[in-house]
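Visitor: Okay, here's the prediction I keep looking at, along with the sequence it came from:
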Amino acid sequence: MFQRPEPAPEAGDGRFPSLRPVPRVGGESLPRIGDEPDRTDPAAAERAAAQFLRALGIPITSESLRDTPARMARAYAELFTPRPFDLTTFPNDEGYDELVLARAIPLRSVCEHHLLPFVGTAHVGYLPGSRILGLSKLARVVELFACRPQVQERLTRQVADWLQEHLEPKGVGVVVEAEHTCMTLRGVQATGSRTLTSTLLGTLREDARSRAEFLMLTGLSRS
């Protein structure tokens, strides 16, 4: 048996996890992201892991393998459980209208086709509107959508759409670069290959100069 980490968001279509108001001093409330009831069954996950290993002809009676099903269940529970966070934004009182970019955010997710990990980095930027986002939240949003069975194309779009929906900036740019072990360790075994995906919204898509600046700052363009 194992103790599950912080609860994960409900599956749904995965686009916009629900927001739970969190009481704050003075009656103000801010959205709480990813704080949902626990609907997992740890004991069933452990039993299924044991059955899976036995079905592949792997004995689990030795001292080294006896606890492997529980460890497998804990590992996947951790991979599929983003940490809840508060959506912290601040008024853009200074009228800042230049690009805000967080580069090389560490990313790890699981391919939904083979349940094998893919790891890499995300570059996330936006052109502020009336509000700015706490910088750490850019990494939190990446984690929110990465902690579930995924494909990289959808993950990239979900991060961009979420920021556009909740922050209402003038533009959003997201670039993800990752190595997929479902491609490097099995099948074609293309060791060292990396996959690049991008989503540009608003001004970063429509204005060539803004788009070029974003791509240059992410390191994707040297112009």
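Guide: That came through fine.

Visitor: Pull up the gap between the residue nearest the centre of the chain and residue 159, please.
Guide: A centroid search over the chain (CA atoms, centre = their mean) returns residue 146, at 2.6 Å, as the residue closest to the centre. Remark: distance between residue 146 and residue 159 (CB to CB, to the nearest Å) = 9 Å. Quick note: C-beta positions are derived from backbone N, CA and C, even for glycine.

Visitor: Likewise for residue 40?
Guide: Between residue 40 and residue 159 the computed distance is 24 Å (CB to CB).

Visitor: So those two - more neighbours on which side?
Guide: Neighbour count, other CB atoms under 10 Å: between residue 40 and residue 159, residue 159 has more, with 25 against 15.

Visitor: secondary structure element for the closest residue in space to that one that isn't next to it in sequence?
Guide: Nearest non-adjacent residue to residue 159, counting by CB to CB, 6 or more residues apart in numbering: residue 174, 4.9 Å away. Element membership of residue 174 [criterion: DSSP states H and E] is strand 171-180.

Visitor: next helix or strand past that strand?
Guide: Following strand 171-180 in sequence, per DSSP H and E, is helix 181-184.

Visitor: other SSEs contacting the longest helix along the chain?
Guide: In the chain, assigned by DSSP state H, the helix with the most residues is helix 152-167. For helix 152-167, the packing partners by 3 or more CB pairs under 8 Å, 6 or more residues apart in numbering; DSSP states H and E come out as strand 117-127, strand 131-133, helix 136-146, strand 171-180, strand 195-202.

Visitor: Now the fourth one - C-alpha only, PDB.
Guide: The one in question is strand 171-180. In PDB, the C-alpha atoms belonging to strand 171-180 read as follows (Å, rounded to 0.1, in the frame of the first residue of the first chain):
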ATOM      1  CA  GLY A 171      -0.200  37.600 -26.700                       C
ATOM      2  CA  VAL A 172       1.100  34.200 -25.600                       C
ATOM      3  CA  GLY A 173       4.000  32.000 -26.800                       C
ATOM      4  CA  VAL A 174       4.800  28.500 -25.700                       C
ATOM      5  CA  VAL A 175       7.600  26.300 -27.100                       C
ATOM      6  CA  VAL A 176       8.300  22.800 -25.800                       C
ATOM      7  CA  GLU A 177      11.400  20.700 -26.700                       C
ATOM      8  CA  ALA A 178      11.400  17.200 -25.400                       C
ATOM      9  CA  GLU A 179      13.000  13.700 -25.800                       C
ATOM     10  CA  HIS A 180      10.400  10.900 -25.900                       C
END
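
Visitor: Give the partner strands of it in its sheet and their orientations.
Guide: Strand 171-180 sits in its sheet next to strand 117-127 (antiparallel), strand 195-202 (antiparallel), going by DSSP bridges.

Visitor: any chance of the ones you listed in TSV, with distance to residue 47, mean neighbour count and mean pLDDT too?
Guide: Converted to TSV, these look like this (distance: least, CB to CB, whole Å; neighbours: other CB atoms under 10 Å; pLDDT from 0 to 100):
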stretch	distance to residue 47	mean neighbour count	mean pLDDT
strand 117-127	23	22	96
strand 195-202	35	18	96
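
Visitor: Export those to CSV and append columns for distance to residue 79.
Guide: Converted to CSV, those look like this (distance: least, CB to CB, whole Å):
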stretch, distance to residue 79
strand 117-127, 7
strand 195-202, 19
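
Visitor: Distance check, the nearest residue to residue 213 once chain neighbours are set aside against residue 135.
Guide: The spatially closest residue to residue 213, leaving aside those adjacent along the chain, is residue 99, at 6.2 Å (CB to CB, 6+ apart). Plainly put, residue 99 is 13 Å away from residue 135 if you go by CB to CB.
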